[in-house]
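Colleague: sequence-free structure coming up:
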C-alpha cells in the first residue's frame with residue numbers, strides 16, 4: 001500500500017448502539033478537499049477495502065486512466081464491506097471499483113441496492129473457496145468433520161463483515177454440519193488470515209482458510225481449493241463496478257467507458273500480480289507496467305470537459 005497522499009483518505013467502522021455508523025476520517029487530507037461525491041463534475045472518489053486486492057488493483061487502474069483524461073481521483077480506504085456499501089449508497093464515495101453484488105454481497109445489495117448503480121461487470125468468473133495446503137490429504141469440505149482434531153476445530157476466515165464470512169457462517173457451516181463437528185470460524189482480517197496460512201505452511205501443519213478467486217494468494221501460496229459438493233459457497237459470479245445513485249448522469253462518458261472494460265483471467269491475473277506483488281510499495285507503478293502491454297484492453301476515457 002502506498003504512503004497516504006492528499007488524495008488518499010480512510011473510512012473506518014465505528015460501533016453504534018443501533019444501525020451502522022460511518023466515521024469519515026481524513027488521513028493526510030487537506031482542508032480544501034473536494035471529495036464526498038465529487039460534485040464538480042471532474043473529481044471521482046473511489047472507495048475500496050485495500051486488503052481485498054481486486055478493488056485495490058482496479059482502483060489504481062481507474063486512477064491512472066481517469067487522471068490522464070483530466071479527472072481528479074481520490075481514494076477512500078474502507079475497513080468493512082458494510083461501511084463501504086453505506087458510504088456508496090449515501091454518496092460519500094462515487095464508486096466501488098470491484099464489487100461482488102450477485103452472490104457474495106447480495107445481502108448488502110438487498111439493503112442498499114436501490115441507491116446504487118451497477119455500471120458494469122469487468123470479470124465474470126469469481127468464486128468463493130475453502131482452501132488447504134497442497135500437502136493436506138483433505139480434498140473436500142465434507143471431509144472436514146473427520147479432521148476436526150488435526151485442524152483444532154478452526155476455520156481461519158477474514159473480516160467479520162465480508163460476504164465470504166456471511167456465506168461461511170450461514171451456508172457452509174450448517175450445510176456440512178461443521179458446527180456440530182466442533183468447528184468455529186475465526187475472523188480478523190485478510191492479512192491476518194494470510195499470516196496464519198503462511199505460518200502453517202512453513203511448519204507443514206494442517207489449516208483450512210476461506211479464500212476466493214481471483215486473488216493473488218492462490219498463486220503465491222501452495223494451496224488448493226476444497227471441493228464443495230453441496231454448492232454451499234455459491235455459483236461463480238461477476239465482479240462489478242458499482243456507482244453511487246446518479247453516477248451515470250453526473251459522469252455519462254466515464255460510465256459508458258467503464259461499462260466496456262472486460263478482463264480475461266490472464267489480463268486480470270497479471271494486473272493484480274504487478275500491483276500487489278511486483279510493485280507492492282507503489283501500486284501506481286504496477287498499473288503503469290501493466291498498461292505497457294495492455295493499454296488496448298481497457299482503452300481510455302474521454303477527456304474531462
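Modeller: Okay, I see it. Keep in mind it's a predicted model, so treat the numbers as computed, not measured.
Colleague: the closest residue to residue 270 other than its chain neighbours: which element?
Modeller: Closest residue to residue 270 apart from its sequence neighbours, by Cβ to Cβ, 6 or more residues apart in numbering: residue 290 at 6.2 Å. The way it works is simple: take the backbone N, C-alpha and C, and place the C-beta from them, glycine included. Secondary-structure assignment from DSSP states H and E places residue 290 in helix 283-298.
Colleague: now do that helix: which elements does it pack against?
Modeller: Packed against helix 283-298 by the contact rule (3 or more Cβ pairs under 8 Å, 6 or more residues apart in numbering; DSSP states H and E) you find helix 53-68, helix 265-272.
Colleague: the first one: what's the following helix or strand?
Modeller: In this case it means helix 53-68. According to DSSP H and E, the helix or strand after helix 53-68 is strand 72-78.
Colleague: let me know the average pLDDT across that following strand.
Modeller: For strand 72-78, the mean pLDDT works out to 97.
Colleague: what is that strand packed up against?
Modeller: So strand 72-78, by 3+ Cβ pairs under 8 Å, 6+ apart, packs with strand 8-14, strand 43-48, helix 53-68, helix 81-89.
Colleague: now these in CSV, with mean neighbour count?
Modeller: Listed next are the helices and strands packed on strand 72-78 as CSV, based on neighbours: other Cβ atoms under 10 Å:
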stretch, mean neighbour count
strand 8-14, 18
strand 43-48, 24
helix 53-68, 23
helix 81-89, 25
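Colleague: those: which one's closest to residue 280?
Modeller: Evaluated over the helices and strands packed on strand 72-78, closeness to residue 280 peaks at helix 53-68, with 10.2 Å, by Cβ to Cβ.
Colleague: rewinding a little: how many other residues sit next to the residue nearest to residue 270?
Modeller: 25 (other Cβ atoms under 10 Å).
Colleague: what distance do you get for it to residue 134?
Modeller: 28 Å (Cβ to Cβ, to the nearest Å).
Colleague: please convert the helices and strands packed on helix 283-298 to a markdown table, extending it with distance to residue 94 and mean pLDDT.
Modeller: Converted to a markdown table, the helices and strands packed on helix 283-298 look like this (distance: least, Cβ to Cβ, whole Å; pLDDT from 0 to 100):
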| stretch | distance to residue 94 | mean pLDDT |
| --- | --- | --- |
| helix 53-68 | 10 | 97 |
| helix 265-272 | 21 | 93 |
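Colleague: which one of those lies closest to residue 83?
Modeller: helix 53-68 (13.5 Å).
Colleague: which residues are contacting that closest one?
Modeller: 1, 44, 46, 48-50, 73, 75, 95-99, 122-123, 126, 214-216, 239, 241, 254, 258, 268, 271-272, 275-276, 283-284, 286-288, 290-291, 298, 300-301 (Cβ atoms under 8 Å, 6 or more residues apart in numbering).
Colleague: would CSV of the helices and strands packed on strand 72-78 with distance to residue 113 be doable?
Modeller: Shown next, in CSV, are the helices and strands packed on strand 72-78 (distance: least, Cβ to Cβ, whole Å):
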stretch, distance to residue 113
strand 8-14, 20
strand 43-48, 16
helix 53-68, 18
helix 81-89, 8
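Colleague: so which of the ones you listed is nearest residue 162?
Modeller: In terms of Cβ to Cβ, the element of those nearest to residue 162 is helix 81-89, at 5.8 Å.
Colleague: hmm, who's touching the closest one?
Modeller: 11-13, 20, 22, 24, 47-49, 76, 78, 92-93, 95-96, 105, 108-109, 111-112, 115-116, 159, 161-163, 242-245.
Colleague: mind listing the helices for the protein?
Modeller: 53-68, 81-89, 106-112, 163-167, 173-175, 178-181, 190-202, 217-220, 247-250, 252-259, 265-272, 283-298 (DSSP state H).
Colleague: just name the most buried of those.
Modeller: The highest mean neighbour count among these, using mean count of other Cβ atoms under 10 Å, belongs to helix 81-89: a mean of 25.
Colleague: and that helix, how far out from the chain middle?
Modeller: 13 Å (Cα atoms, centre = their mean, to the nearest Å).
Colleague: swap in stretch 84-104?
Modeller: 11 Å.
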